[in-house]
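Engineer: Structure here, sequence nowhere to be found:
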């Protein structure tokens with residue numbers, strides 16, 4: 001006869017499972033999932049715990065599945081159960097939904113979902129969860145080019161993580177995020193400081209994933225500084241782990257920057273090697289953003305200027321539709337300058353208006 005599992009026991013198991021998921025302890029999270037799956041059907045009736053279990057299953061699946069449709073279906077099911085959620089469950093619902101939207105590059109929707117979650121953040125009496133929330137929100141703000149807001153929330157997370165030696169790896173995550181934000185601001189000295197601290201922490205705890213990301217970010221920093229040889233050196237090192245572990249989503253940005261740097265060195269055959277490899281991975285991952293950016297990059301260095309501008313003009317609508325305001329501002333500005341130089345004031349004004357539109361969205 002199966003032994004009945006109490007609500008208190010199941011609550012403890014679910015809380016432990018979430019901590020392992022949150023802390024990226026894959027093996028422990030998988031073991032706990034197996035134990036919980038065996039016991040959940042023998043739990044005394046508790047609708048709130050069943051919702052909590054379903055939400056944690058959703059969060060766990062985000063670490064395992066690259067199928068957005070499967071995860072979208074889970075979100076749709078939760079939408080039907082919203083009225084049955086208490087404050088804690090409502091927090092997790094909106095927080096996890098925000099993470100899912102972020103992974104899909106639906107940044108404005110992700111920010112909105114995080115703001116709903118923040119209303120019930122106080123219902124979670126765990127400072128590490130508070131830090132996790134601020135770190136995730138900071139990550140979305142950074143991708144959406146809301147840099148000052150990102151830095152503000154990163155420091156909120158860092159203040160908590162660095163108080164606990166157990167969370168040195170999460171301190172490294174915050175340092176990486178601060179580094180990338182300072183790259184975007186052009187503060188390369190501060191970026192270099194934070195990224196090397198992240199690298200130091202990652203090597204101390206022997207986390208190759210975070211070490212690889214730190215190396216990638218240092219490569220990106222050198223690319224923005226106009227030092228392609230240094231950039232390639234760091235990017236090459238960062239790719240070692242990414243390729244060993246088949247981490248395609250990390251490889252895309254690294255290979256894209258690698259192609260840029262070889263083009264900048266006028267080594268077009270090497271650049272095209274990385275363009276082709278990156279394109280294959282983007283197709284595999286259905287990454288439409290980088291497929292568009294690769295098309296633009298390739299045309300910039302292999303076509304006549306007028307043909308390149310036609311490619312750019314054709315791709316602009318994609319960035320507008322997807323609300324990728326940073327890319328829209330950059331590429332619209334290139335088009336506006338081109339048409340202004342050509343004496344085509346009407347088209348120049350059209351694209352300068354898009355620049356202003358993107359800037360307003362980013363402010």
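Structural biologist: Nice, thanks for sending it over. If you're wondering where the values come from, they're calculated on a predicted model, not measured in any experiment.

Engineer: Only C-alpha atoms from now on, for both contacts and neighbour counts.
Structural biologist: OK.

Engineer: I am assuming residue 96 contacts residue 57, so please confirm or correct that.
Structural biologist: No. Counting by CA atoms under 8 Å, residue 96 does not reach residue 57; the two are 10.6 Å apart.

Engineer: Those two: who's more crowded?
Structural biologist: residue 96 (22 against 17; other CA atoms under 10 Å).

Engineer: Which secondary structure element is home to the residue lying closest to the more buried one once chain neighbours are set aside?
Structural biologist: Distances taken as CA to CA, 6 or more residues apart in numbering put residue 59 closest to residue 96, at 6.3 Å, once the chain neighbours are dropped. If you go by DSSP states H and E, residue 59 is part of helix 47-62.

Engineer: buried ones in the very next helix or strand once past that helix?
Structural biologist: Per DSSP H and E, helix 47-62 leads on to helix 68-80 as the next helix or strand towards the C-terminus. In terms of neighbour count (16 or more other CA atoms under 10 Å), helix 68-80 has its buried residues at 71, 74, 75, 78.

Engineer: mind checking how far the third one is from residue 335?
Structural biologist: Shown here: residue 75 relative to residue 335, a distance of 39 Å by CA to CA, to the nearest Å.

Engineer: Per-residue pLDDT of the residue nearest to residue 96, please?
Structural biologist: What the model reports for residue 59 is a pLDDT of 94.

Engineer: isn't it right up against residue 94?
Structural biologist: No. The pair residue 59 / residue 94 is not scored as a contact, 11.4 Å apart, by CA under 8 Å.

Engineer: Please point out which parts of the helix holding residue 59 sit buried.
Structural biologist: Buried residues in helix 47-62 (16+ other CA under 10 Å): 49, 51, 52, 53, 54, 55, 56, 57, 58, 59, 60, 62.

Engineer: Helix or strand with the lowest mean pLDDT in the chain?
Structural biologist: helix 68-80 (a mean of 81; mean pLDDT, DSSP states H and E).

Engineer: Need the residues that contact that one.
Structural biologist: When contacts are defined by CA atoms under 8 Å, 6 or more residues apart in numbering, helix 68-80 is touched by residues 58, 61, 62, 93, 97, 100, 104.

Engineer: Stretch 320-329 now?
Structural biologist: 106, 144, 145, 316, 319, 354, 355, 356, 358, 359, 361, 362.

Engineer: likewise stretch 100-119?
Structural biologist: Taking CA under 8 Å, 6+ apart as the rule, stretch 100-119 contacts 62, 68, 71, 90-95, 97-99, 137, 140-141, 143-144, 322.

Engineer: Are any of the residues you listed buried, and if so which?
Structural biologist: So, by 16+ other CA under 10 Å, the buried ones in those are 62, 71, 90-95, 97-99, 137, 140-141, 143-144.

Engineer: Pick the one among those residues closest to residue 224.
Structural biologist: residue 143 (16.5 Å; CA to CA).

Engineer: Contacts only, for the closest one.
Structural biologist: Contact partners of residue 143, counting by CA under 8 Å, 6+ apart, are residue 107.

Engineer: Can you tell me how far it is from residue 36?
Structural biologist: 35 Å.

Engineer: quick one: what helix or strand has residue 181 in it?
Structural biologist: Using DSSP H and E, residue 181 falls in helix 168-185.

Engineer: so what secondary structure elements neighbour that helix?
Structural biologist: Of the remaining helices and strands, those touching helix 168-185 by 3 or more CA pairs under 8 Å, 6 or more residues apart in numbering; DSSP states H and E are helix 127-143, helix 147-161, helix 188-204, helix 208-224.

Engineer: Could I get these in TSV, plus columns for mean pLDDT and distance to residue 3?
Structural biologist: Formatted as TSV, the helices and strands packed on helix 168-185 follow (pLDDT from 0 to 100; distance: least, CA to CA, whole Å):
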stretch	mean pLDDT	distance to residue 3
helix 127-143	97	32
helix 147-161	97	39
helix 188-204	97	43
helix 208-224	97	41
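
Engineer: Most tightly packed of these?
Structural biologist: Ranked by mean neighbour count, the helices and strands packed on helix 168-185 are led by helix 208-224 with a mean of 24 (mean count of other CA atoms under 10 Å).

Engineer: which helices and strands sit right next to it?
Structural biologist: Other helices and strands packing on helix 208-224, by 3+ CA pairs under 8 Å, 6+ apart, are helix 168-185, helix 188-204, helix 228-244, helix 248-264.

Engineer: Which stretch among those approaches residue 287 most closely?
Structural biologist: helix 248-264 (8.7 Å).

Engineer: For that closest one, which outside residues touch it?
Structural biologist: Here helix 248-264 has contacts from 213, 216, 220, 223, 228-229, 231-232, 235, 238-239, 242-243, 268, 270-275, 277-278, 281-282, 285, 290, 294, 297, 301, using CA under 8 Å, 6+ apart.

Engineer: between it and helix 228-244, how many degrees?
Structural biologist: Per axes from the mean of the first three to the mean of the last three CA atoms, to 10 degrees, the angle that helix 248-264 makes with helix 228-244 is 150 degrees.

Engineer: how about helix 248-264: buried residues?
Structural biologist: 248, 250-264.

Engineer: Using PyMOL, make a named selection holding only the buried ones among the contacts of helix 248-264.
Structural biologist: Buried members of the contacts of helix 248-264 can be picked out in PyMOL with the line below, counting by 16+ other CA under 10 Å:
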select buried, resi 213+216+220+223+228+229+231+232+235+238+239+242+268+271+272+274+275+278+281+282+290+294+297+301
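
Engineer: neighbours around residue 163, how many?
Structural biologist: Residue 163 has 11 nearby residues by other CA under 10 Å.

Engineer: typo on my end, residue 360
Structural biologist: Residue neighbour count, defined by other CA under 10 Å, stands at 10 for residue 360.
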